[in-house]
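Q: predicted coordinates and the sequence they were generated for:
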Amino acid sequence: MENSKFSISVVGNKTGTQWVGEFTVKPMLSHRDEIRRDRIRRELIGPEFGNPTDHVWNLAVTFSELTVRVVAAPPFWTSNGDGMDLMDTNVVTEVYKKTMEIEASAAAKIKADAEAATAALRKEG
């Protein structure tokens, strides 16, 4: 499946900075990507994470997902540790939201294509 692109234009909720740029993301993950995503999440939480706060857990999940899905990003993103060094939460939220919308759309298309193929086979049979 081909990578997908989206753009953002967001004013940072803490800095007031206008963040603009185009991202290219993987709509679907390979097994290797899924393993890498899990490893990154565990590294962000730490080996003895105990009970991290919900906020820290959500950050780890968000950044592990974005780390494996984002294949190209604007300079502001890459120069800020792939978003991890930004102070503006709403920018990260917007990138994550759009990334996961692409994933959901790709999954829905795969499901619809499979259902159409199944229906076509039933008509032939």
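A: All right, it came through fine. Please read all numbers here as calculations on a predicted model, not as lab measurements.

Q: which helices and strands sit right next to the helix or strand in which Val95 is found?
A: Element membership for Val95 (DSSP states H and E) is helix 89-124. Packing partners of helix 89-124 (3 or more CB pairs under 8 Å, 6 or more residues apart in numbering; DSSP states H and E): strand 4-11, strand 18-25, helix 54-69. All C-beta spots, glycine's among them, are computed from the backbone N, C-alpha and C.

Q: same list (the ones you listed) but as TSV, adding mean pLDDT, mean neighbour count and distance to Glu101.
A: Below are the helices and strands packed on helix 89-124 laid out as TSV (pLDDT from 0 to 100; neighbours: other CB atoms under 10 Å; distance: least, CB to CB, whole Å):
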stretch	mean pLDDT	mean neighbour count	distance to Glu101
strand 4-11	98	14	8
strand 18-25	98	16	10
helix 54-69	95	18	12
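
Q: out of the ones you listed, nearest to Ser79?
A: Smallest distance to Ser79 across the helices and strands packed on helix 89-124 (CB to CB): 11.2 Å, for strand 18-25.

Q: returning to what we had before: export the helices and strands packed on helix 89-124 as JSON lines, with columns for distance to Phe76.
A: Shown next, in JSON lines, are the helices and strands packed on helix 89-124 (distance: least, CB to CB, whole Å):
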{"stretch": "strand 4-11", "distance to Phe76": "10"}
{"stretch": "strand 18-25", "distance to Phe76": "6"}
{"stretch": "helix 54-69", "distance to Phe76": "14"}
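
Q: so for Leu121, which of the ones you listed sits nearest?
A: Evaluated with CB to CB, these place strand 4-11 nearest to Leu121, the distance being 29.0 Å.

Q: got the CA positions of the closest one in PDB?
A: What follows is strand 4-11, C-alpha atoms only, in PDB (Å, rounded to 0.1, in the frame of the first residue of the first chain):
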ATOM      1  CA  SER A   4      -0.200   8.900   2.100                       C
ATOM      2  CA  LYS A   5       0.300  12.600   2.600                       C
ATOM      3  CA  PHE A   6      -1.400  15.300   4.600                       C
ATOM      4  CA  SER A   7      -0.700  18.800   5.600                       C
ATOM      5  CA  ILE A   8      -1.200  20.700   8.800                       C
ATOM      6  CA  SER A   9      -1.400  24.400   9.700                       C
ATOM      7  CA  VAL A  10      -1.800  24.700  13.500                       C
ATOM      8  CA  VAL A  11      -1.100  27.500  15.900                       C
END
